[in-house]
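Colleague: Quick one, fold the following:
(one chain, ligands or ions: 1)
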Amino acid sequence: MNPSPAVTAPVQQGGVQDVAAAARRVVDAIVRAGDAIAAQSGDLATALHGVADRIDLAAPPLAERMTTMWLPVDSRLHNPVNGLENPLAPPLEITEGADGDVAGSVTLGLPYQGPPGHVHGGISALLLDHVLGLANIRAGNSGMTARLALTYHRPLPLFEELSVTGRQASVDGRKIHATGTISADGHVAVSAEGLFVRPRAEPGR
Ligand SMILES: CCCCCCCCCC(=O)SCCNC(=O)CCNC(=O)[C@H](O)C(C)(C)COP(=O)(O)OP(=O)(O)OC[C@H]1O[C@@H](n2cnc3c(N)ncnc32)[C@H](O)[C@@H]1OP(=O)(O)O
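Modeller: Below you'll find the predicted structure:
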């Protein structure tokens, strides 16, 4: 039997992952500081634009980047959930369960706030869509999200470690069902049922 495809990417020190981590820190600091940085806003904006200009100068043409970033390892590095090279990714730390399930842990700060002190519901959907998708990839049968039904049982706290789980439940032709949860302090706060549809095979493939 083939081993299930890996859904985690290697952690690297000193590369693009460090730059993404620094950018994440900037986002968090801006949201935490709020009006406290109003007096320095001109200087700060100029400095940050300067950093963005340096990075833009080094970036390849978009079409080139769009090709290389979908190589299998790169897609695990740049996605907006556990992609360590993507500053938008919280990032969720993924572990692959021995039983084929996928689990993740993450602690979310103020940039992800919805209700006061709690996680925005759309962020929960993002985490679960991704982890259910990864569980399907691990199971060797994956597809596009066609429907994602979420139940919000209780508010999900910021600043506490959250556990995210996903598992493939069944496969019916091109239709794949997967389920998952997000828990805090051992209590399920959000549960999900997803329908994923494997794209039709292209003619000649
Ligand atoms: C590290 C890498 C990270 C990897 C993990 C990432 C996971 C993230 C996953 C995503 O976020 S994907 C992006 C969000 N999803 C989309 O953009 C999908 C947009 N929709 C589509 O592209 C198409 O609608 C889709 C491929 C889902 C289905 O189109 P098809 O033309 O292949 O479906 P078709 O009409 O042939 O239906 C096939 C079966 O699925 C059913 N179906 C399709 N869409 C449905 C739907 N929306 N709700 C319920 N059932 C649906 C349909 O009824 C039918 O059932 P039966 O076989 O029983 O008749």
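Colleague: Would you mind listing what in the protein touches the ligand?
Modeller: For the chain, the residues in contact with the ligand (Cβ under 6 Å from any ligand atom) are 75-76, 79, 129-130, 133-134, 137, 144-147, 173-175, 195, 197, 199-200. No exception for glycine: its C-beta is placed from N, CA and C like everyone else's.
Colleague: now, which of those residues lie within strands?
Modeller: Those of those mapping onto strands are Met144, Thr145, Ala146, Arg147, Lys175, Leu195, Val197, per DSSP state E.
Colleague: ok, of these, which one's closest to Leu162?
Modeller: Using Cβ to Cβ, Thr145 comes nearest to Leu162 of those, at 20.7 Å.
Colleague: what's near enough to touch the closest one?
Modeller: Contact analysis of Thr145 by Cβ atoms under 8 Å, 6 or more residues apart in numbering lists Asp129, Leu132, Gly133, Gly194, Leu195, Phe196.
Colleague: Closest to Val31 out of those residues?
Modeller: Of all those, Asp129 has the smallest distance to Val31: 23.3 Å, by Cβ to Cβ.
Colleague: quick one on the thing from earlier: kindly write the ChimeraX command that selects the buried subset of the ones in strands among the residues of the chain next to the ligand.
Modeller: This is the ChimeraX syntax for the buried subset of these, where burial follows 16 or more other Cβ atoms under 10 Å:
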select :145,195
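Colleague: Is it possible to get the ones in strands among the residues of the chain next to the ligand out as JSON lines so that each row also shows distance to Asp56 and pLDDT?
Modeller: Shown next, in JSON lines, are those (distance: Cβ to Cβ, whole Å; pLDDT from 0 to 100):
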{"residue": "Met144", "distance to Asp56": "31", "pLDDT": "96"}
{"residue": "Thr145", "distance to Asp56": "32", "pLDDT": "98"}
{"residue": "Ala146", "distance to Asp56": "36", "pLDDT": "98"}
{"residue": "Arg147", "distance to Asp56": "38", "pLDDT": "98"}
{"residue": "Lys175", "distance to Asp56": "42", "pLDDT": "98"}
{"residue": "Leu195", "distance to Asp56": "39", "pLDDT": "98"}
{"residue": "Val197", "distance to Asp56": "37", "pLDDT": "98"}
